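Visitor: Here is my input; please provide its structure:
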Amino acid sequence: MSVAIGGFLVFGASQVGTPGPANMVLMSAGARYGFRSALPFVCGVVLGKQLIIWPIGFGLMELAQIYPFAFQILKWVCVAYIFWLAWKIANLRFGSREGLSRAPGFWDGLAVHPVNPKAWAMIVTGFTSFTSPGTPAFTATATIAGCLLLLQIVLHPIWTYAGDWIARKLAGSAAEKYLMWTLSVATVASVMFVIFGGEVL
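Guide: Sure, this is the predicted structure:
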């Protein structure tokens, strides 16, 4: 009765560290507002995943079996929101940071993972593939929550800083437009892979 921590950390790193809706939004925030200004947003994104880990660990997936139609609707609402974010990313240009509206804050970041299909898929896989049958719900949930929190604390700021660095290199150049469209396509592709590569919610 345990969680395969080593295996889950490897799996989690492969998910948290690769392109997806959350990392694309973090990169865009870093590019647009700078690394330091985006840090409250990063903290919100990191803690926002906890908002879905604990409900899943304590039976949300069982509820999905009882009301599958409601969860299908929720899935496509999440997908629509991510597509909207991708469109915003595609049309974002770095430009000067002077005179910008405030950077997205902590509370904005909290909403990112609850509507991120990749996050749902990652967490469900953690419970179904790395947790032994009979493991107490609290033990399994706390272990998975702690592992993902550690990975996010390390990897999410890297994506945000990468956005800041890229913006300083490419702002105003011809490559800027193509970069933002590439990030947008990567965001959409990551969602479509999750949706059509396996069931989420």
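
Visitor: hmm, which helix or strand of this structure has the shakiest average pLDDT?
Guide: Least confident helix or strand of the chain, by mean pLDDT, DSSP states H and E, is helix 61-66 with a mean of 66.

Visitor: Now do the strands in this structure.
Guide: Read by DSSP state E, the chain holds no strands at all.

Visitor: and the most centrally placed residue in it, what does it touch?
Guide: For the chain, the residue nearest the mean C-alpha position is residue 22 (3.1 Å; CA atoms, centre = their mean). If you count contacts by CB atoms under 8 Å, 6 or more residues apart in numbering, residue 22 has them with 45, 112, 113, 116, 118, 119, 156. No exception for glycine: its C-beta is placed from N, CA and C like everyone else's.

Visitor: quick one: it from residue 55, how far?
Guide: 18 Å (CB to CB, to the nearest Å).

Visitor: Tell me who's in contact with the nearest residue to residue 112 once chain neighbours are set aside.
Guide: In space, residue 112 comes closest to residue 45 once its chain neighbours are excluded; the distance is 4.8 Å by CB to CB, 6 or more residues apart in numbering. Remark: with contacts taken as CB under 8 Å, 6+ apart, residue 45 is in contact with 22, 25, 26, 109, 110, 112, 113, 152, 156.

Visitor: Let me know whether the fifth one touches residue 49 as I believe.
Guide: By that I understand residue 110. No - using CB atoms under 8 Å as the test, residue 110 is too far from residue 49 to be in contact (9.6 Å).

Visitor: So which of the contacts of residue 22 are in helices?
Guide: Among the contacts of residue 22, the residues falling in helices (DSSP state H) are 45, 118, 119, 156.

Visitor: nearest to residue 86, of the residues you listed?
Guide: residue 118 (12.9 Å; CB to CB).

Visitor: Could you double-check that that closest one sits in contact with residue 19?
Guide: No - Residue 118 sits out of contact with residue 19 when judged by CB under 8 Å, with a separation of 9.5 Å.

Visitor: When these two are compared, which one has more neighbours?
Guide: residue 118 (24 against 17; other CB atoms under 10 Å).

Visitor: Could you check how far the more buried one is from residue 157?
Guide: 19 Å.

Visitor: again, but for residue 3
Guide: 26 Å.

Visitor: between these two, who's got more neighbours?
Guide: Set residue 3 next to residue 157 and count neighbours by other CB under 10 Å: residue 3 wins out with 21 against 18.

Visitor: Now for the more buried one: which residues touch it?
Guide: 130, 131, 132, 135, 139, 140, 143, 144.

Visitor: Repeat that for residue 186.
Guide: 19, 24.

Visitor: and what of residue 42?
Guide: Residue 42 neighbours (CB under 8 Å, 6+ apart): 26, 29, 109, 156, 157, 160.

Visitor: out of the residues you listed, who's nearest residue 87?
Guide: Nearest to residue 87 among the contacts of residue 42, with distances taken as CB to CB, is residue 29, at 15.9 Å.
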